[in-house]
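Visitor: Okay, here's the prediction I keep looking at, along with the sequence it came from:
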Amino acid sequence: MEYRCNGQIPVLESTRLVLRRLEESDAEQLYKYWSDPEVVKFMNVPPFADAADTQEMIRWLNLLAETEDTLRWGIEVKSTGRLIGSCGYNTWQLSGTYRAEIGYELGREYWQQGYMFEALEAMFRFGFETMGLNRIEALTFPENTASISLLQKLGFSREGLLREYQKDGDRFVDLFIFSLLRREWEREREVD
């Protein structure tokens with residue numbers, strides 16, 4: 001089954017989380033995360049200057065979903081209704097390639113509690129089962145050991161180093177490329 005966005009960002013659920021469309025009312029909470037230098041350190045964006053910038057980014061991400069260029073979910077804790085970060089498919093292509101590139105971040109106080117693992121598992125289930133993806137990719141800075149560890153725990157394989165792949169401030173930086181194939185993801189689910 002293939003997925004077409006049609007401007008709608010579906011709600012996804014896991015045991016502790018709801019992945020939902022980001023709303024402009026989320027700007028104040030997201031600003032706390034997106035203005036934190038430690039949270040944005042590996043996002044290739046400077047810390048956000050104010051909540052208005054955050055509102056504009058939310059509008060832009062939702063517009064990109066309407067044009068089927070990206071899908072970005074807010075990550076909300078079911079028990080508290082608190083938004084703790086976001087995740088999504090930065091780019092995705094179904095025709096011909098059936099692949100997507102992911103991105104994600106959490107507020108610092110929610111690190112190392114299993115939230116991002118759980119959120120990405122829900123997102124991958126949707127990507128492979130509903131969107132019809134065959135390959136999910138992740139690019140990460142070599143020094144981002146927490147993200148590398150998470151990707152490996154999720155079953156991703158490191159494919160290589162992309163030398164001076166993108167500009168970060170005034171310098172070009174290397175990135176690792178990781179991938180997870182649908183057949184690998186399905187095989188892992190069979191074992192569980």
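Guide: Right, received. Where do you want to start? From a predicted model like this one, the values you see are computed outputs, not experimental measurements. Numbering: from 1, shown residues only.
Visitor: Go ahead and confirm residue 18 touches residue 78.
Guide: Yes - using C-beta atoms under 8 Å, residue 18 is in contact with residue 78, at 5.7 Å. No exception for glycine: its C-beta is placed from N, CA and C like everyone else's.
Visitor: Between the two, which is the more surrounded one?
Guide: Using other C-beta atoms under 10 Å, the more surrounded residue of residue 18 and residue 78 is residue 18, with 18 against 12.
Visitor: Let me know the secondary structure of that one.
Guide: strand (DSSP: H, G, I helix; E, B strand; the rest coil).
Visitor: residues contacting it?
Guide: Contacts of residue 18 were listed using C-beta atoms under 8 Å, 6 or more residues apart in numbering, and they are 11-12, 76, 78.
Visitor: Most neighbours of all those, which one?
Guide: Most neighbours among the contacts of residue 18, by other C-beta under 10 Å: residue 76, with 22 neighbours.
Visitor: which neighbours does the helix or strand hosting it have in its sheet, and in what orientation?
Guide: Following DSSP states H and E, one finds residue 76 within strand 71-77. The strands that strand 71-77 pairs with in its sheet are strand 17-21 (antiparallel), strand 83-93 (antiparallel) (by DSSP bridges).
Visitor: following the last one, which helix or strand comes up?
Guide: Downstream of strand 83-93, the first helix or strand assigned by DSSP H and E is strand 99-106.
Visitor: Tell me the first helix or strand C-terminal of that next one.
Guide: Sequence order places helix 115-125 as the next helix or strand after strand 99-106, per DSSP H and E.
Visitor: Now do the SS call for residue 162.
Guide: State at residue 162, reduced to three classes by three-state DSSP: strand.
Visitor: beta partners of it?
Guide: Counting by DSSP bridges, residue 162 is bridged to residue 175.
Visitor: how about it, what does it touch?
Guide: Neighbour list for residue 162: 139, 174-177 [criterion: C-beta under 8 Å, 6+ apart].
Visitor: if I look at it, how far off is residue 142?
Guide: Taking C-beta to C-beta, to the nearest Å as the criterion, residue 162 is separated from residue 142 by 10 Å.
Visitor: Which neighbours do the two have in common?
Guide: Taking C-beta under 8 Å, 6+ apart as the contact criterion, the common neighbours of residue 162 and residue 142 are 174-176.
Visitor: Tell me the one of the residues you listed nearest residue 155?
Guide: Closest approach to residue 155 among the shared contacts of residue 162 and residue 142 (C-beta to C-beta): residue 176, at 15.5 Å.
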